[in-house]
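Participant: Kindly return the folded structure for what I paste below:
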Amino acid sequence: MIAIGITGIAGVWAFIVLLRQLYYICQPSEVLIFAGLPNRTGAGDKIGYRTVRGGSALRIPVVEEVMRLDLSNMIIDLRVESAYSKGGVPLNVSGVANIKISGEEPGIHNAIERLIGKTQDEIRHIAKETLEGNLRGVMSSLTPEQLNEDKITFARTLLEEAEDDLQKLGLVLDTLQIQNISDDVRYLDSIGRKQLVELKRDSRIAEAEATSQSAVKQAENERTTSLRRLDKELAIATANAEKRVKDAVTRRNAVVAEVQAKVGAELARAEAEMPVQEERIKQVMQQLEADVIAPAESECETMVAEAKGEAATIVEEGRSQAEGLRDLVESLKRSGDDAKRLFLLQKLEPLLTMLSNTVQPIEVDEVTLIGEREGQVNLSLATLLRQLQDSTGIRVLQDKSTGSSDSAAEIDQK
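Facilitator: The predicted model follows:
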């Protein structure tokens, strides 16, 4: 029994020892490469190994071999001397770079193919040569002023330039710092002196600008103070004006109230007198109606009655005259033309009388008859006078003093 127990323990111990030899633990800063069996990458490429990062795995005995690849950081001191910059000025550049082996695909596969089995010093040397070559290429594309003034841009350009070359090697450039840039011909010193002069000039300009700005600021402060003082005075004047306006409004309201009171009193007195005036108006109206309107209406009625009576009389007279004229016209029609002439002669006498009444008495000094033969004057004159008297009613008298009728005559209306 004891022999069996010892054999069992020995077997367990042998299994543990064997497992210890086949079981590999991968540290966080390294990669284990199990080479020997075919495998494929994440992109589908066929490779003859498998990788384990940050964990553990068992090695298949006989067919697999295990190798370690350190992923820890490596510091590289860079120094390039007499590298020509853009413009042909040789410069010396020194800096520090931090690189490591890439742990991600596809960089890890490039590192396994190119760097497996190499020490860190060898890897550091390869990376240093690569970075210095890239550094010379970048320096040839930049002027000394650009290299000296903007080192950050210089380092960023170098990172971009070296990234592709380092990735092909399976390396990653974490940081790059340019520490110093110098030259043997003192070109940068002259640039520095120029920059110093420019700095002094800019300092004087800045000082002058600061002085002018201070003066401007002081002037602005004085202007602000003056404006505030003016605003204060304006506010006081505005307050006084508002006070005077309020006083005037108050006085106006008092005056308006006083006038309104007077007007109200007058209105009340007028309203109180309105019934009296209305009674007076009624009395006057009654008196006018008794004294003027009633007599006028009575007179009007009387005149209307008289006018109606006269109109009736006129109407009756016109009717009777119309009937008489109608009878006369009928009789004239029956009597013929002689009756018409007789009627006209009857109407001619009052018409001539009316016409003669319109003529005033006229005194005629002399009447001379021309164109009569001697011996026929008296006969012709007498005949003319008789015809004139018969036709017009004018009688010609003889002159008492001369006894002749052709020396003077008096026309009398008959």
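
Participant: and Pro31, that's in a strand?
Facilitator: Rather than Pro, residue 31 is Val. Yes. Counting by DSSP: H, G, I helix; E, B strand; the rest coil, one finds Val31 located in a strand.

Participant: what mean pLDDT does the helix of greatest length in the chain have?
Facilitator: The longest helix of the chain (DSSP state H) is helix 187-288. For helix 187-288, mean pLDDT rounds to 82.

Participant: do stretch 116-123 as well
Facilitator: 85.

Participant: Could you list the buried residues of that stretch?
Facilitator: 116, 123 (16 or more other Cβ atoms under 10 Å). (Glycine included, C-beta is placed from N, CA and C.)

Participant: that older thread, remind me what the longest helix of the chain packs against, helices and strands.
Facilitator: Helix 187-288 sits against helix 144-149, with contacts defined as 3 or more Cβ pairs under 8 Å, 6 or more residues apart in numbering; DSSP states H and E.

Participant: Which is the succeeding secondary structure element to the helix it packs on?
Facilitator: Using DSSP states H and E, the helix or strand that follows helix 144-149 towards the C-terminus is helix 151-169.

Participant: Helix or strand next in line after that following helix, which one?
Facilitator: Sequence-wise, the next helix or strand downstream of helix 151-169 (DSSP H and E) is strand 171-182.

Participant: Just want the angle from the longest helix of the chain to strand 171-182.
Facilitator: 100 degrees (axes from the mean of the first three to the mean of the last three Cα atoms, to 10 degrees).

Participant: What is the helix or strand just after helix 187-288 packed up against?
Facilitator: The C-terminal neighbour of helix 187-288 among helices and strands, as given by DSSP H and E, is helix 294-335. Applying 3+ Cβ pairs under 8 Å, 6+ apart, we find helix 294-335 packed against helix 337-357.

Participant: Val43 belongs to a strand?
Facilitator: Actually, residue 43 is Ala. It isn't Val. No. The assignment for Ala43, made by three-state DSSP, is coil rather than a strand.

Participant: surely it meets Glu105?
Facilitator: Yes. Ala43 is in contact with Glu105 according to Cβ atoms under 8 Å; the separation is 7.1 Å.

Participant: Among these two, which residue is more densely surrounded?
Facilitator: Set side by side, Ala43 and Glu105 show more neighbours around Glu105, with 13 against 8, by other Cβ atoms under 10 Å.

Participant: Kindly indicate whether that one is helix, strand or coil.
Facilitator: Applying three-state DSSP: Glu105 is coil.

Participant: Tell me how far it lies from Ile116.
Facilitator: 16 Å (Cβ to Cβ, to the nearest Å).

Participant: Based on its surroundings, how many neighbours for Gly87?
Facilitator: Neighbour count for Gly87, taken as other Cβ under 10 Å: 11.

Participant: For it, which three-state class applies?
Facilitator: coil.

Participant: Give me the pLDDT for it.
Facilitator: 70.

Participant: That one reaches Thr143, doesn't it?
Facilitator: Yes. With contact defined as Cβ under 8 Å, Gly87 reaches Thr143; the gap is 5.4 Å.

Participant: List the buried residues of stretch 135-149.
Facilitator: 135, 138-139, 142, 144-148.

Participant: Nearest to Glu330 among those residues?
Facilitator: Distance to Glu330, by Cβ to Cβ, is smallest for Gln146 among the buried residues of stretch 135-149, at 152.0 Å.

Participant: That closest one and Gln213: what is the separation?
Facilitator: 33 Å.
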